[in-house]
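S.K.: Quick one, structure for this:
(2 chains)
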Amino acid sequence: MSQQRSTRDVLSRQVSAVCVSAVLACAPVFAAPTPADPDPIEVWLKKEFTQSTLTPEQQRQEMEWFRDAAKPFRGMVLYVVSERIDTHHYEANVLSKAFQDITGIEVVHEITGEDELLRKLLAQNQTGEPIYDAYVNDSDMIGTHYRNGEVVVLSDFMKAEGAAVTLPTLDLDDFIGLEFTTAPDGKLYQLPDLQFANLYWYRQDWFARPDFRARFKQKYGYELDVPVNWTAYEDIARFFTEDVKQIDGQTVWGHMDYGRTEPSLGWRISDSWLSMAGMGDIGLPNGLPVDDWGIRVDGCHPTGASVQRGGALDGPAANYAIRKFVDWFNFAPPEARRLNFTEAGNWVGEGQIAQQIFWYTAFVSQASQPGSPVMNEDGTPKWRIAPSPVGAYWDKGMKSGYQDAGSWTIPRSVPPERRKAAWLYAQFTVSRTVSLQKTLKGLTPIRKSDINSAVMTQRAPYLGGLVEFYRSRARNIWTPTGTNVPDYPNMAPLWWQHISKAVEGRQPVDQVMGNLATAMDNALLSLQKTSKSACAPRLNTPEPKEVWLNRPGSPKPPRDERPPGKTLPYQEAIRAWD
Amino acid sequence: MGLKIAVTLAILPALLATVEPALANEPDRPGAITALAYVDPPFMDTDGIHQRGIAIDIARELFTRAQIPYNLIFVPPKRANTFATSSPGNCVIATARSQEREAQLAWIGPFLITRHAFYRNSNSPIRVQALSDSSEYRVGTFLGSGTEEYLEGMGMTVDQAPSNDLNLKKLALGRIDLWASDTVSASLLIRETQAPVVMEKAFLTTLREMACHPATPPETLDRMRETLKSMYQDGTVRKLYGNYLGPGVKWLDIR
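M.R.: Residues are numbered from 1 along each chain as shown, chains lettered A, B, ... in the order given. The predicted structure is shown next:
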């Protein structure tokens, strides 16, 4: 190690010692190095990692293990990248510094958009250039990773070349999302770093107002409570937008969404929207043999997305899902069609939205800001999250919604020594020493021990139902994209490229979905010709739609798409999570 | 001597070796592409006669290998993007791919892979361990570099200069504390001026891609994509970068 690096390490330790208590807003203060330099482990444990399910002594031992295991890699500079999410900002601005101070390994932890992250991973795989040592990549790509062999298989790595750098206290059984990052071959390809779900969000204070409850019941014949099905959601949306219209002089809306023509529109749909309508098959985590992208598999081989090939992407349930998505913009603010995921995320906090059927809990932190119109003076929220209502084609035993599991992923092109250093950093960010504090900052839990901790019990009343969700079995029923999708980076853009035509009114929904299904089939056909994977697509020969629609399971024939509306009181609604 | 001229002279040996490929300047041939570049040294540059730069060399090699006739012209950046969006047959050589423009263009990439870092005076006590540390300092960027948008999006205030070399002067005069630049340009400028400036912390990696009008024939796009991929895999792109960087200056391997 160079003298320059040594001095820099000493300086950085002193900066950190001053800064850790208010890390994100801290101004560095510099002093000359002294012989009595504080132990960085001690500094970080006392000033930052004060909330942990480990005892201070256990934390110290864990950090000492990192310090010792990292010795061969001191002075190395790692490049990692993750999405623009609060949890990742905490990692980039705090955990990377702690890791450097304790191990001597510098980390350039970049934050970028999800779409760009996918392109970078694709670029690294295609060019072989050393762009990053590790990615926090959504587990939605598990079907791609296990088929193309371009990422390190972590379960193999931990047993072999990575054994010496695998944290003895990693405790994989403590992770809640391992099934999302485990492929059909039983191997672990990615390590969960954060998780958040997509749930129903609503203004409990407005729903509790006697005048609104009476008006709603008089008009619709049932109680204004948590909607269980899409009919009730639609009725409530219409009620607030067309009947209530204003609360305390402010215009209010019964629905919120986003529809701008860009990649986040694709994720709005591919993140389980069609399965919430009921398009796929029964079975967890994704429906088998037809999943939440409408892709059928035979064994591990995708056989088609169109109904003619046994898929469901242009079937009645999928068309119904997109029709509702488009129609409900009539109940949302006029701006909604022009917003993207990030821009729409802030809207519920402004106090004009009554409910949102598709709301990522990654925004809980933003919606809980003190002084916000949606917060009470005592710091409790005026809103709640509850199980998402489901569509007319949904059957018991199906997944109920989406969960994002951003997970550490190491490209196979990363040289062996750098893989080990990257694995150390990945484990550091999910170690029990830091994970509870990280969870409190970003509210994206990954460990059972954190979720069940006394600290989270104390925070529960302030988080609108998030803790209850993660303590229930629901965390296994809200699931990411599964293994039926064989080439996520190249197939994902098809969603927004086609769905945008329906949102903009350029094509009727049925035509859009027919074209989308054909495009998906073509992508699968292309892979069938080029993929060397043992689980490559093998497309079914097209048959008349009626043949498939009359067979059991998905694709499903037409149903009554407007059954009676049904709602449940909040406490009963969340029993679905028990 | 202006810094830009100094950099240009530094890369002159690479430029003198440039021979116009046979497929160049054939805008009238069927299927010809008008490749639009803009001044952004050392990636794209022109003195009105010669066209040079890393991206220019990659483009020439790509069109030649893919056997696609082309005509390479320099225009202002905004005009390049407008032409590519509105007129079939036009491609911007290397531009940032964004979610907002994703739907308007057809993309071939990665054309340029670029690291960006903070630089400081070598005697400065400033240390940046993470991006948020830089928020307390006056950070200089240059207009159109793409980093100012990123840094502002991260809640930072940046001081924009019309060209990158001016930031080196501002750093020397103490008008900025940190200079945010791509590592290729910064390394070349520091080397040419012998300025006592050191890299403090990398903070961003960007990809730039060739962006073509969406009506470009799919087979042409596929051919360009496959050719570019092969240029990475056989080391051609790395070699083209090396022609400009010279000894001691690294591209992605700034570890």
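S.K.: How is the chain divided into domains?
M.R.: No chain specified, so I'll use chain A. Following automatic domain parsing, chain A resolves into domains at A:38-189+A:409-476, A:197-254+A:342-403+A:563-577, A:263-320+A:485-549.
S.K.: try again with chain B
M.R.: B:3-113+B:208-245, B:114-205.
S.K.: roughly how far is the first one from the heart of the chain?
M.R.: Its chain's average C-alpha position is 11 Å from that of domain B:3-113+B:208-245, according to CA atoms, centre = their mean, to the nearest Å.
S.K.: related to what we said a few turns ago, tell me which of the domains of chain A sits nearest to chain B.
M.R.: domain A:38-189+A:409-476 (3.7 Å; CB to the nearest CB). Every residue, glycine included, has its C-beta placed from N, CA and C.
S.K.: how long is the closest one end to end?
M.R.: Domain A:38-189+A:409-476 has an end-to-end distance of 44 Å (CA to CA, to the nearest Å).
S.K.: And chain B, is it touching that?
M.R.: Yes. Domain A:38-189+A:409-476 reaches chain B (CB under 8 Å from any CB of the partner chain) through A:76-77, A:79, A:81, A:92-94, A:96-97, A:100, A:108-113, A:115-116, A:119-120, A:123, A:126-132.
S.K.: can I get the CA coordinates of stretch A:145-156 in PDB?
M.R.: C-alpha atoms of stretch A:145-156 as PDB (Å, rounded to 0.1, in the frame of the first residue of the first chain):
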ATOM      1  CA  HIS A 145     -29.000 -15.300 -14.900                       C
ATOM      2  CA  TYR A 146     -29.500 -19.000 -14.500                       C
ATOM      3  CA  ARG A 147     -29.900 -19.500 -18.300                       C
ATOM      4  CA  ASN A 148     -27.100 -17.400 -19.600                       C
ATOM      5  CA  GLY A 149     -24.400 -18.300 -17.100                       C
ATOM      6  CA  GLU A 150     -22.900 -14.800 -17.000                       C
ATOM      7  CA  VAL A 151     -23.100 -14.300 -13.200                       C
ATOM      8  CA  VAL A 152     -21.300 -16.000 -10.400                       C
ATOM      9  CA  VAL A 153     -23.400 -18.800  -8.800                       C
ATOM     10  CA  LEU A 154     -23.200 -17.700  -5.200                       C
ATOM     11  CA  SER A 155     -24.000 -21.000  -3.600                       C
ATOM     12  CA  ASP A 156     -21.100 -22.700  -5.500                       C
END
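S.K.: The residue of the stretch 101-250 of chain B found nearest chain A: which element?
M.R.: For the stretch 101-250 of chain B, the residue closest to chain A is B:Y232, as judged by CB to the nearest CB, at 3.7 Å. In this structure, B:Y232 sits in helix B:218-233 according to DSSP states H and E.
S.K.: Which residues of the stretch 1-150 of chain B lie near chain A?
M.R.: B:97, B:99-100, B:102-103, B:109-110, B:113, B:125-127, B:129-133, B:136.
S.K.: In the stretch 151-255 of chain B, where is pLDDT below threshold?
M.R.: Residue ranges of the stretch 151-255 of chain B with pLDDT under 70: B:246, B:254-255.
S.K.: helices or strands up against the helix or strand that the helix holding B:Y232 is followed by?
M.R.: Using DSSP H and E, the next helix or strand after helix B:218-233 towards the C-terminus is helix B:236-245. With contacts taken as 3 or more CB pairs under 8 Å, 6 or more residues apart in numbering or on different chains; DSSP states H and E, helix B:236-245 sits against helix B:54-66, helix B:183-193, helix B:218-233.
S.K.: Tell me how far the nearest residue to A:T181 once chain neighbours are set aside lies from A:T481.
M.R.: Nearest residue to A:T181 in three dimensions, chain neighbours excluded: A:Q190, at 4.0 Å (CB to CB, 6 or more residues apart in numbering or on different chains). Noted for A:Q190: a distance of 13 Å to A:T481, by CB to CB, to the nearest Å.
S.K.: picking up where we left off before, only the buried residues of the helix holding B:Y232, if you could.
M.R.: B:T220, B:L221, B:R223, B:M224, B:R225, B:T227, B:L228, B:K229, B:M231, B:Y232 (16 or more other CB atoms under 10 Å in any protein chain shown).
S.K.: Return the list of helices and strands in contact with that helix.
M.R.: helix A:114-127, helix B:54-66, strand B:106-121, strand B:197-212, helix B:236-245.
S.K.: That one to strand B:106-121, inter-axis angle?
M.R.: Taking axes from the mean of the first three to the mean of the last three CA atoms, to 10 degrees, one finds helix B:218-233 and strand B:106-121 inclined to each other by 40 degrees.
S.K.: Taking their axis directions, helix B:218-233 and strand B:197-212 sit at what angle?
M.R.: Going by the same axes, to 10 degrees, helix B:218-233 makes 150 degrees with strand B:197-212.
S.K.: picking that back up, A:I499 is nearest to which of the helices and strands packed on helix B:218-233?
M.R.: In this view, the helices and strands packed on helix B:218-233 are compared for proximity to A:I499 by CB to CB, and helix A:114-127 is the closest at 15.2 Å.
S.K.: name the helices or strands packed onto whatever helix or strand comes next after the closest one?
M.R.: Note on helix A:114-127: by DSSP H and E, the next helix or strand toward the C-terminus is strand A:134-138. Contacting strand A:134-138 under the criterion 3+ CB pairs under 8 Å, 6+ apart are the following elements: strand A:77-83, helix A:114-127, strand A:403-409, helix A:416-430.
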